[in-house]
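**Student:** no sequence on this one, just coordinates:
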């Protein structure tokens, strides 16, 4: 797969993961903890796919292929990065919602 | 003319998808206007468009968009992650045209 295609996969699945993590937090706020858990599971699946695309690019570079760095690649990395951050924080925020419920 | 708009955070990735969709529309002679906008511009364009397609990276905003524009909620749709990631312009445009038919 070419570089642009890998970047698109990073953005699409990273974006889906971010959307699902935010949805999970929202569901926890509404005390739907089972739904929230399911959204996080789907989020992790999407995050894995986004990571896979990222890894493919890293492998290409490690094999000595010259990759031209473009703003579009940075944009893709940004999407994956923010998805990871929100995924990590989602765990903490859902815990807080569980605490509040008690 | 049918007007299709794609929305994402700043139009970078949707720009590429729009290009693919236009190529397909040109090849098949479909009379359609396809454009990409940032989510902040939605309020300026939503009235004029037949369908608004959200990129998967802004899918989480659909609920808030539906609340802000309840009269247009039915024409706001989310693009499937796989079609978007594979830049399948043909499928995205076909699905959008089908959806528009059901809206009319």
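**Tutor:** Noted; the coordinates are in hand. Quick caveat, the model's predicted, so the values are computed rather than measured. Residues are numbered from 1 along each chain as shown, chains lettered A, B, ... in the order given.
**Student:** which stretches of chain A form helices?
**Tutor:** A:3-29, A:33-62, A:71-101 (DSSP state H).
**Student:** most tightly surrounded among these?
**Tutor:** Highest mean neighbour count among these (mean count of other Cβ atoms under 10 Å in any protein chain shown): helix A:3-29, with a mean of 24. For the C-beta atoms, the positions are set from N, CA and C on the backbone; glycine is no exception.
**Student:** does chain B sit close to that helix?
**Tutor:** Yes: Helix A:3-29 reaches chain B (Cβ under 8 Å from any Cβ of the partner chain) through A:4-5, A:7-9, A:11-16, A:18-20, A:22-23, A:26.
**Student:** with stretch A:34-52 instead?
**Tutor:** Yes: using Cβ under 8 Å from any Cβ, stretch A:34-52 reaches chain B at residue A:46.
**Student:** helix, strand or coil for residue B:7?
**Tutor:** strand (DSSP: H, G, I helix; E, B strand; the rest coil).
**Student:** surely it and residue B:51 touch.
**Tutor:** No: if you go by Cβ atoms under 8 Å, residue B:7 and residue B:51 don't touch, sitting 10.8 Å apart.
**Student:** separation between the spatially closest residue to residue A:39 that is not a sequence neighbour and residue A:43?
**Tutor:** Nearest non-adjacent residue to residue A:39, counting by Cβ to Cβ, 6 or more residues apart in numbering or on different chains: residue A:24, 3.9 Å away. Residue A:24 sits 6 Å away from residue A:43, going by Cβ to Cβ, to the nearest Å.
**Student:** same deal with residue A:73?
**Tutor:** 23 Å.
**Student:** show the pLDDT at residue 92.
**Tutor:** If you meant another chain, say so; for now it's chain A. As summarised for this prediction, residue A:92 has a pLDDT of 95.
**Student:** sorry, should have said chain B
**Tutor:** On pLDDT, residue B:92 comes in at 94.
**Student:** what sits against it?
**Tutor:** With contacts defined as Cβ atoms under 8 Å, 6 or more residues apart in numbering or on different chains, the neighbours of residue B:92 are B:17, B:21, B:53, B:79, B:83, B:84.
**Student:** the residue nearest to residue A:39 against residue A:46, yeah?
**Tutor:** No: counting by Cβ under 8 Å, residue A:24 stays clear of residue A:46, with 12.0 Å between them.
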